[in-house]
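>>> show me how the following folds:
(4 chains)
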There are 2 protein chains.
Amino acid sequence: MSAPTVYDVAGQAGVSIATVSRVYRAPDSVRARTRERVLEAARELGYVPSGNARGLASRNTRVLGLCFPDYADPDAEDADGDYGDAELMLYSDEIIRGMERAARRHGYALLIAASLAEGPKSLVADVAGRVDGFAVLARTVPTEELEVISRRLPVVMLAGPREDAPLDHLDHVEVANFDGELALTRHLIADHGLQRLAFVGSSEYSPDGEARFRGFQAAHLEAGLPVPARPDVRAALTQGDGRRAVSELLDRGGEMPGAVVFANDQMAVGALSELSRRGVRVPEDLAVAGFDGIPLGRLVTPALTTVRQPMRRLGEEAVELLVARLEDREREPESRVLPVSVIRRSSCGCTPRNGTPPNGASVTQS
Amino acid sequence: MSAPTVYDVAGQAGVSIATVSRVYRAPDSVRARTRERVLEAARELGYVPSGNARGLASRNTRVLGLCFPDYADPDAEDADGDYGDAELMLYSDEIIRGMERAARRHGYALLIAASLAEGPKSLVADVAGRVDGFAVLARTVPTEELEVISRRLPVVMLAGPREDAPLDHLDHVEVANFDGELALTRHLIADHGLQRLAFVGSSEYSPDGEARFRGFQAAHLEAGLPVPARPDVRAALTQGDGRRAVSELLDRGGEMPGAVVFANDQMAVGALSELSRRGVRVPEDLAVAGFDGIPLGRLVTPALTTVRQPMRRLGEEAVELLVARLEDREREPESRVLPVSVIRRSSCGCTPRNGTPPNGASVTQS
DNA sequence: ACAGAGTATGTATGCGCTTACAGACCTTCT
DNA sequence: AGAAGGTCTGTAAGCGCATACATACTCTGT
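Below is the predicted model of the structure:
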């Protein structure tokens, strides 16, 4: 009843287990007739090689991993009880797809594991024990744990800035947050003649958010406008907080800005709905822009101007880096920055062409 | 340099390897002081238990798998060169998410592998060798291969009809294709007063497509209308073919139908664009409906009336079935049918409420 | 202080495979 | 025909861990 092994197949085919093994690992090294006999026996017995045993013996798994946070925007969740939030198609789905394709191309399978905030620490270790290398979405895993694990196998960090010591030996892929926000803000200033812009940032510990804010600053610098010292408001990256942030901004009094730039799309979407509730017209009274390029951004009214991140490529690059390091453990740690593109839609005042969605100018990496 | 093992940790902590193993597998069976010493040693050494060794010794992997076709609609691809097609959020992404969550809940990780059409046969075997059980999207894997593998570990079939021998021992989850199309068609007939409906099906070897067509037939039967014997057109499930199919339908001459029901959303979306090109107004001149509930369907103009499949639940159910069978290999093969819901949008003549998307009546399983 | 019961740890084996290495078998050429 | 040189196959030794079983230890009660 128990699963057949090499021994069973070997017995059935009248060869040694080494030959059976070779039939699978190096078919050409076995004479055709012998090979046929083995294959026939395997088929008869329903033999499937054990990945575990193989991995143990050859000390590699041919599996790559991905750890990502189970990031479900709670505000988005209850806004749409059933499965409608599927449309959000978060980050991770795209990254998974990218990684899966690239991994397969290189002969690896992909193991994925989302970590809840409250989950057991062991998750990463669990993954780490089963793969040849893996990617981690920034801030998914405590530094200390990563440090230990990354001593043993290749780890690449996705998004976020390049890590400092003790994780500075990790490979790393991120998108051009700075450049993207710079280009977006430049568009608002130069093409729409906006002068007074507000920025809604997230936690100052969110490196992506900070990088975007610096891009925002740089555009002011470039245009000769006064450079804001800090975001006008900080909030969590959810729709609910976007709503609250824009409220605060409006209630604060003083001169109303011509545009609000949000650190991500979720917030911007929340803000749009709040603005609509208040009767503030977008983009006539106030232009709005986000960052990420989530599909939802195209659905809202007005459609959201934003910066699209190439998440799938992020996954692909991660695999390339892992594979490269697997081949040469000594190579220098590498950090790649992927270009992003500004998507001009209605919320900034642009009128998109009809039909296929407009693509903004591409911004190349620095 | 090589990764530390139980032996290293045991040495460092001054205990036997059995104790080290127990610290991880059954912490309570080790005295607290000893445990601390071991954990400390492990930390120092950067020890991570080898999943392979563990799996080999305990003969289970604590990993579940999913094989799915790398289904990228080629027409959708070139329609939108870069990553815009991400919005399509195919089936598999949702299933993956559902499976991942459910798997994690049960303490399993998820291994995913997409198979290209031209890929090597070995893919499934590859997955099969590394997991305790796995799910397969219908028609991803040749019957013969599945037969062999399913003799060795639990396999659940996703979508498609329940398999006949020799695969009739597999567990199986599908959605209520028949019921969904019946409800949708009933809506067109009863609520919109349409009498002459056309159906664009896919290959007659696509069991889902055929089930949907039977639902379409049943609605005619119910309404006392002549029951169509076969789909008016058959086409591949892509946007391009949807476009071609509707062209053929219109060019065919004769009485123009009041509605066209497509076997899936992709085709319907392609058709909408072709109809718009030809100046046929939807839904005034012709109502259109799809099946699947892809997010894109909400983006197109007019928004597509369709039947939403609970893909995420499909994944969850798959895991439940796998786990159940892992616990009791002898249980009866089970086949679950998930309920679907009709989504009424503009393409059939309904005017959706504003704000949150309308949810059609829910259709319970037969 | 000692038996007895219970608990904590160690010993030894095997999980199913890969992979040197060695040995058997075939060629082919002189 | 015999030897040299290939080619193919077998032998044997782990890979890192879990676990049954044996053993040493701890604690209780008297």
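
>>> against residue B:211, how distant is residue A:314?
Shown here: residue A:314 relative to residue B:211, a distance of 38 Å by Cβ to Cβ, to the nearest Å. Yep, even glycine has a C-beta here, placed from its N, CA and C like the rest.

>>> same deal with residue A:110?
32 Å.

>>> what's the answer for residue A:249, then?
According to Cβ to Cβ, residue A:249 and residue B:211 sit 53 Å apart.

>>> looking at the two, which is more packed in?
More crowded of residue A:249 and residue B:211, by other Cβ atoms under 10 Å in any protein chain shown: residue B:211, with 21 against 18.

>>> that one contacts residue B:162, doesn't it?
No - at 11.3 Å, residue B:211 does not count as touching residue B:162 under the criterion of Cβ atoms under 8 Å.

>>> briefly note if the helix or strand hosting residue A:37 comes near chain B.
Assigned by DSSP states H and E, residue A:37 falls within helix A:32-45. Yes - counting by Cβ under 8 Å from any Cβ of the partner chain, chain B is contacted by helix A:32-45 at residue A:43.

>>> only alpha carbons, please: show the next helix or strand after that helix as CSV.
The element immediately downstream of helix A:32-45 (helix or strand, assigned by DSSP H and E) is helix A:51-58. The C-alpha trace of helix A:51-58 is given here as CSV (Å, rounded to 0.1, in the frame of the first residue of the first chain):
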residue,chain,number,x,y,z
GLY,A,51,11.2,15.1,-3.7
ASN,A,52,12.3,15.0,-0.1
ALA,A,53,14.6,12.1,-0.5
ARG,A,54,16.0,13.6,-3.7
GLY,A,55,16.5,16.9,-2.0
LEU,A,56,18.1,15.4,0.9
ALA,A,57,20.6,13.4,-1.1
SER,A,58,21.4,16.1,-3.6
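
>>> show the pLDDT at residue A:50.
According to the prediction, residue A:50 has pLDDT 95.

>>> no wait, residue A:366
Note for residue A:366: predicted pLDDT of 29.

>>> one more: residue A:329?
So residue A:329 comes in at 90 (pLDDT).

>>> look up how far residue A:106 lies from it.
From residue A:329 to residue A:106 the distance is 17 Å (Cβ to Cβ).

>>> the more surrounded of these two?
Neighbours were counted for residue A:329 and for residue A:106 using other Cβ under 10 Å; residue A:106 has more, 14 against 9.

>>> how near is that one to residue A:322?
Residue A:106 is 9 Å from residue A:322, where distance means Cβ to Cβ.

>>> same thing with residue A:70?
Residue A:70 is 22 Å from residue A:322, by Cβ to Cβ.

>>> of these two, which one has the most company?
Remark: of residue A:70 and residue A:322, residue A:322 carries more neighbours, 27 against 17, as counted by other Cβ under 10 Å.

>>> got the contact list for the helix or strand encompassing that one?
Secondary structure from DSSP H and E places residue A:322 in helix A:311-327. Residues from elsewhere that reach helix A:311-327 (Cβ atoms under 8 Å, 6 or more residues apart in numbering or on different chains): A:64, A:66, A:91, A:94-103, A:106, A:108, A:132-135, A:154, A:156, A:158-159, A:171, A:173, A:175, A:331, A:334, A:336, A:338, B:83, B:86.

>>> what does chain A have sitting close to DNA strand C?
Contacts of chain A with DNA strand C, taken as Cβ under 7 Å from any atom of the strand, map to A:2-3, A:5-7, A:17-18, A:21-22, A:24-25, A:47, A:49-50, A:53-54, A:56-58.

>>> mind doing that once more with 10 Å?
A:2-10, A:16-26, A:29, A:31, A:42, A:47-60 (Cβ under 10 Å from any atom of the strand).

>>> which residue ranges of chain A form helices?
Using DSSP state H, the helices found in chain A span residues A:6-13, A:17-25, A:32-45, A:51-58, A:74-79, A:91-105, A:122-128, A:143-150, A:177-186, A:207-223, A:239-251, A:265-278, A:296-299, A:311-327.

>>> nearest to residue B:277, of those?
Judged by Cβ to Cβ, the one of the helices of chain A that comes nearest to residue B:277 is helix A:296-299, at 21.4 Å.

>>> which strands and helices sit next to that closest one?
For helix A:296-299, the elements it packs on are helix A:265-278, helix B:296-299, judged by 3 or more Cβ pairs under 8 Å, 6 or more residues apart in numbering or on different chains; DSSP states H and E.

>>> which of the residues in it are buried?
For helix A:296-299, burial by neighbour count (16 or more other Cβ atoms under 10 Å in any protein chain shown) applies to A:296, A:297, A:298, A:299.

>>> over to stretch A:9-25?
Buried-residue list, stretch A:9-25, by 16+ other Cβ under 10 Å: A:9, A:10, A:11, A:12, A:13, A:15, A:19, A:20, A:21, A:22, A:23, A:24.

>>> the second one against residue A:23, yeah?
No - in this structure residue A:10 lies outside contact range of residue A:23 using Cβ under 8 Å: 10.1 Å.

>>> between those two, which contacts overlap?
Listed contacts common to residue A:10 and residue A:23 are residue A:38; contacts here mean Cβ under 8 Å, 6+ apart.

>>> what about chain A, any weak spots by pLDDT?
By pLDDT under 70, the weakly predicted segments of chain A are A:1, A:71-90, A:116-122, A:352-366.

>>> ok, now with 80
The model of chain A has pLDDT under 80 over residues A:1-2, A:70-91, A:115-122, A:165, A:295-296, A:298-299, A:351-366.

>>> and stretch A:248-267, how far from the chain's centre?
27 Å (Cα atoms, centre = their mean, to the nearest Å).

>>> one step back: CSV please, covering the helices and strands packed on helix A:296-299 and showing distance to residue A:231.
Output for the helices and strands packed on helix A:296-299, formatted as CSV (distance: least, Cβ to Cβ, whole Å):
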stretch, distance to residue A:231
helix A:265-278, 11
helix B:296-299, 31
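
>>> DNA strand D is nearest to which of these?
helix A:265-278 (40.8 Å; Cβ to the nearest atom of the strand).
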